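my questions concern the predicted model and sequence given below.
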Amino acid sequence: MRNQTSMTEFLLLGLSGDPKMQFFFFWLFSIIYTITLAGNVIILALIWMDSRLHTPMYFFLSHLSCVDICYTSSTVPQMLANFLSPRKTISLTSCAAQMYLFLVLATTECILLAEMAYDRYVAICHPLHYTLLMNRGVCIKLAVASWTCGLILPVVHIVLTWQLPFCGPNLIDHFFCEMPAVLKLACADTQLVEMVTLAGCLFTLLTPISFIFFSYSRILAAILRIHSSERQRKAFSTCTSHLIVVALFYGNAMVMYMRPGSSHSPFQDKMISLFYSIITPMFNPMIYSLRNKEVKGALVKVLQ
């Protein structure tokens, strides 16, 4: 009990203990973070400045860019500071706040991706009713619902995790306070927390991905009924960018959070977390801009 009450901070071990590698990682992730911020800010600016992009699809894309900016900002600045700091500590309160913010943004992105799939389903399968079904009021309600669910759903996981006793050691073998890494330090049975976390992930991940699969099965059926190959190609092009983002995000998140706790290894967890929390937000603006004629056209218009 004395050790438990005296613990006020954790020590983040990060990606490497080698000073040369830490210096290399600092510059590498500084560049990645800069590209991520610049790409998503450009997407937001283009959507705001070009009236042709004031459509439901780009409305949801703007929210996805906001999520990605906050997503990387919840972990990367702390990680960059630790690369240059000899003492890589984080208080228990800051650790809990970082974990909660990360889960909020991850949950919000899960639901946003499902809503973007619904938008594509309505646009392709019910084009005559698109403006009625996806009017501004509906889009705002869907966006508010995604952020509200993101704020509420992780609360149970956070409360259960931080009711556990932490009596040492205080070394988190990760570059931020991710739940599986923190649970390994608990001095009590974490089976209940792991079961609740798995149930939450089943709901948070599988419900949206099931809806996405259903939407795209209907979309595929509708596209195959189109006789014009040009129209088919155009319909496919509006969906491929979203499908790539879905595959990158959901694939890594499901591997990370839907494995049993005993199968987690520090190296694998770090690599998976790096990919879906830092690399994927950097690629999202590129995927939507390089594969989208409307975004490229808006960029050319602004530059001119």
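Alright, I've got the coordinates.

CA atoms for contacts and neighbours, from now on please.
Fine.

which stretches of the stretch 101-250 of the chain form strands?
Taking DSSP state E, counting those that start in this stretch as the criterion, the stretch 101-250 of the chain carries its strands at 171-172.

show me where pLDDT drops low in it?
Counting by pLDDT under 70, the ranges of the stretch 101-250 of the chain that qualify are 235, 238.

can you do 80?
Residue ranges of the stretch 101-250 of the chain with pLDDT under 80: 167-168, 226-239, 241.

longest helix in this structure, by residue count?
Longest helix in the chain, counting residues (DSSP state H): helix 92-125.

going by neighbour count, which residues in that one are buried?
Buried residues in helix 92-125, counting neighbours by 16 or more other CA atoms under 10 Å, are found at 92, 95-96, 98-125.

so which residue is smack in the middle of the protein?
Centroid-nearest residue in the chain: Ala106, 4.3 Å away (criterion: CA atoms, centre = their mean).

quickly note the distance from that one to Lys296.
Using CA to CA, to the nearest Å, we find Ala106 at a distance of 28 Å from Lys296.

dump stretch 173-181 to PDB, restricted to CA.
Below are the C-alpha coordinates for stretch 173-181, written out as PDB (Å, rounded to 0.1, in the frame of the first residue of the first chain):
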ATOM      1  CA  ASP A 173       7.100  -0.200 -22.400                       C
ATOM      2  CA  HIS A 174       5.400   2.000 -25.000                       C
ATOM      3  CA  PHE A 175       5.700   5.500 -26.400                       C
ATOM      4  CA  PHE A 176       2.400   6.600 -24.900                       C
ATOM      5  CA  CYS A 177      -0.200   5.500 -22.400                       C
ATOM      6  CA  GLU A 178      -2.000   2.900 -24.400                       C
ATOM      7  CA  MET A 179      -4.400   0.700 -22.400                       C
ATOM      8  CA  PRO A 180      -2.800  -2.800 -22.900                       C
ATOM      9  CA  ALA A 181       0.600  -1.400 -21.900                       C
END
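
list the contacts of it.
12-15, 75, 78-79, 95-96, 98-99, 161, 172, 261, 264, 266, 269-270 (CA atoms under 8 Å, 6 or more residues apart in numbering).

all helices in the stretch 51-200 of the chain, in order from the N-terminus.
Remark: helices assigned in the stretch 51-200 of the chain by DSSP state H, counting those that start in this stretch are 56-73, 76-84, 92-125, 130-133, 136-152, 155-162, 179-183, 191-201.

angle of the third one against helix 76-84?
Calculated by axes from the mean of the first three to the mean of the last three CA atoms, to 10 degrees, helix 92-125 forms an angle of 140 degrees with helix 76-84.

same question for the first one.
On the basis of the same axes, to 10 degrees, helix 56-73 is oriented at 30 degrees to helix 76-84.

packing partners for helix 56-73?
Packing partners of helix 56-73 (3 or more CA pairs under 8 Å, 6 or more residues apart in numbering; DSSP states H and E): helix 19-49, helix 92-125, helix 136-152, helix 280-290.

cool, and the second one?
Judged by 3+ CA pairs under 8 Å, 6+ apart, helix 76-84 is in contact with helix 19-49.
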